[in-house]
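> this is a predicted model, with the sequence first.
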Amino acid sequence: MPRVKTNLIKYPEGWELIEPTLAELDAKMREAGNDSNDGKRKCEALWPIFKIAHQRSRYVYDLYYGREEISKELYEFCLEQGYADRNLIAKWKKPGYERLCCLHCIQPRDHHFATTCACRVPKHLREAAVIECVHCGCQGCASGD
């Protein structure tokens, strides 16, 4: 006879400290997903979702690496449960990618001439005054800004 799967998740110690913030960001994510897309370009409809996903990942990253307020067990739990993006956090740990907004901005296959996004160019080297990333709406995530 197959085992019965239960949805009981054992939360690690310290979860009650970060749960309210993550629940608030989840509510914002649901709200952003339900917003109407009237008058927006197709790519602009996803920008708020990318922004909130970035905030959520940055929150977990800062708690573990910056302020060292959560344990490794809780950090791994957040990554496994999808509260933070493991690949994005891995890039933030590398020099030059500390302020990266999303992984689409560094994918050469997503851009013309196999380069990175225009938002990755430092502000002092840009010719145009304001640049918005097509993928996530970022206006500049280069670490040299």
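Great, that's in hand. Numbers count the residues shown, from 1 in each chain.
> okay, CA-based contacts and neighbour counts for the rest of this
OK.
> spatially central residue for this protein, please.
Geometric centre of the chain, nearest residue: His54, 2.3 Å, by Cα atoms, centre = their mean.
> quick check: chain neighbours aside, which residue is closest to Tyr61?
Nearest non-adjacent residue to Tyr61, counting by Cα to Cα, 6 or more residues apart in numbering: Ile89, 6.7 Å away.
> what about the one you found, neighbour count?
Per other Cα atoms under 10 Å, the neighbour tally for Ile89 reads 20.
> same check, this time on Tyr97
Tyr97 has 19 neighbours, counted by other Cα under 10 Å.
> just Asp35 next, same as before
Asp35, neighbours per other Cα under 10 Å, totals 10.
> also the one 3 residues further on?
By the measure other Cα under 10 Å, the count of residues near Asp38 is 8.
> rewinding a little: in contact with the residue nearest to the centre of the chain: list those residues for me.
By Cα atoms under 8 Å, 6 or more residues apart in numbering, the contact set of His54 is 101-102.
> what helix or strand does it sit in?
Counting by DSSP states H and E, the element that carries His54 is helix 47-61.
> elements contacting the following helix or strand past that helix?
Where DSSP H and E defines the elements, the next helix or strand beyond helix 47-61 is helix 72-80. Helices and strands touching helix 72-80, by 3 or more Cα pairs under 8 Å, 6 or more residues apart in numbering; DSSP states H and E: there are none.
> in helix 72-80, what's buried?
74-75, 77-79 (16 or more other Cα atoms under 10 Å).
> follow-up on the earlier one: next up, the contacts around the residue nearest to Tyr61.
Ile89 makes contacts with 57-58, 61, as judged by Cα under 8 Å, 6+ apart.
> looking at the residues you listed, which is nearest Lys28?
Lowest distance from Lys28 to the contacts of Ile89 (Cα to Cα) belongs to Ser57, with 14.1 Å.
> these two touch, right, the closest one and Asp85?
Yes: contact criterion Cα atoms under 8 Å: Ser57 and Asp85 qualify, at 5.8 Å.
> so in this protein, which helix runs the longest?
Determined from DSSP state H, the single longest helix within the chain is helix 15-34.
> re earlier: can you redo the buried residues of helix 72-80 as JSON lines with distance to Pro12 and pLDDT?
As requested, those are arranged in JSON lines below (distance: Cα to Cα, whole Å; pLDDT from 0 to 100):
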{"residue": "Leu74", "distance to Pro12": "6", "pLDDT": "95"}
{"residue": "Tyr75", "distance to Pro12": "9", "pLDDT": "96"}
{"residue": "Phe77", "distance to Pro12": "8", "pLDDT": "94"}
{"residue": "Cys78", "distance to Pro12": "10", "pLDDT": "94"}
{"residue": "Leu79", "distance to Pro12": "13", "pLDDT": "94"}
